[in-house]
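1. got a structure for you, letters missing:
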């Protein structure tokens, strides 16, 4: 009896996923369009909200839809292709894909390096760092929360610059630093509270975390970035051509 019930539930779940996917693929539901509420969908498919939620989460994992905390579910726009090896800054990358980019400065603070920051920067003694938090948008939707963590002694006066602009450009123009080498760690994880709030996610929702450590032309490690992407918004494409 249990096996039969499971099969029926699985068949129903698959049917709901297929119907919703067809609505998106056929263009009946378009990019950015809000889906009916979970209650409305449960009535439409004559099933429970738990089954509907399972179907929606499955489609979210595929990147077809996304959710915003207390707002509901929406059809996902086309993913951005992101090549971490490229030297293009965020705005250039988005512009080259015929999309609109925007960056907002969220917070700037200076403190002593500890924990994850100290580990990424390979710091083993008391060292001052600057932390620059920025929220990045594609076509008006917040999709990326970035923490840039800088060794303060290497970047005197940088906090007076326009920090919504490319930090790579500021590094080069103001300090003469060029990124000679970068190391990346890509980790699917859950959104910390401050990241979830900025990206309109529920705390603990999945995000794609990219830690990038940068070395300048003399080989010295100078900064690192922690990028938190909405997973439906990005596709990682590694291409060695720069």
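-> Noted; the coordinates are in hand. None of the values given here were measured: they were computed from a predicted structure.
2. Would you map out the domains in this structure?
-> 12-75, 80-236 (the TED database).
3. Quick one: the ones you listed as TSV, columns for mean pLDDT and mean neighbour count too.
-> Just so you know, the C-beta spots here come from the backbone N, C-alpha and C atoms, and that holds for glycine as well. Output for these, formatted as TSV (pLDDT from 0 to 100; neighbours: other C-beta atoms under 10 Å):
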stretch	mean pLDDT	mean neighbour count
domain 12-75	92	15
domain 80-236	94	16
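4. Skipping adjacent residues, who's closest to residue 235 in space?
-> residue 79 (4.4 Å; C-beta to C-beta, 6 or more residues apart in numbering).
5. Can you give me every residue that contacts the one you found?
-> By C-beta atoms under 8 Å, 6 or more residues apart in numbering, the contact set of residue 79 is 63, 232, 233, 234, 235.
6. Of those, which belong to strands?
-> 234, 235 (DSSP state E).
7. So which of the contacts of residue 79 is the closest to residue 69?
-> Lowest distance from residue 69 to the contacts of residue 79 (C-beta to C-beta) belongs to residue 232, with 14.7 Å.
8. now the helices: where do they sit in this structure?
-> Per DSSP state H, the chain carries helices over the ranges 2-25, 38-44, 49-62, 90-96, 115-120, 167-170, 193-198.
9. Nearest to residue 108, out of these?
-> Nearest of these to residue 108, taken as C-beta to C-beta: helix 167-170 at 11.9 Å.
10. which other residues reach that closest one?
-> Taking C-beta under 8 Å, 6+ apart as the rule, helix 167-170 contacts 87, 89, 132, 148, 158, 161, 163, 179, 223.
11. Can you get me the start-to-end distance on stretch 159-166?
-> 13 Å (C-alpha to C-alpha, to the nearest Å).
12. try stretch 227-237
-> 16 Å.
13. Dig out what the residue nearest the centre of the chain forms beta bridges with.
-> With distances taken as C-alpha atoms, centre = their mean, residue 229 lies nearest the centre of the chain, 0.6 Å away. In this entry, residue 229 is beta-bridged to residue 144, residue 208, by DSSP bridges.
14. Make 14 the starting number, not 1.
-> Okay, using 14 as the starting number, the last item reads as residue 242.
15. Contacts only, for it.
-> So residue 242 contacts 156, 157, 220, 221, 222, 223 (C-beta under 8 Å, 6+ apart).
16. Residue 146 now?
-> Taking C-beta under 8 Å, 6+ apart as the test, what residue 146 contacts is 118, 119, 120, 121, 158, 159, 160.
17. In strands, which of those residues appear?
-> Using DSSP E, the contacts of residue 146 in strands are 118, 119, 120, 121, 158, 159, 160.
18. ok, now how distant is the third one from residue 193?
-> Here the criterion is C-beta to C-beta, to the nearest Å. By it, residue 120 lies 29 Å from residue 193.
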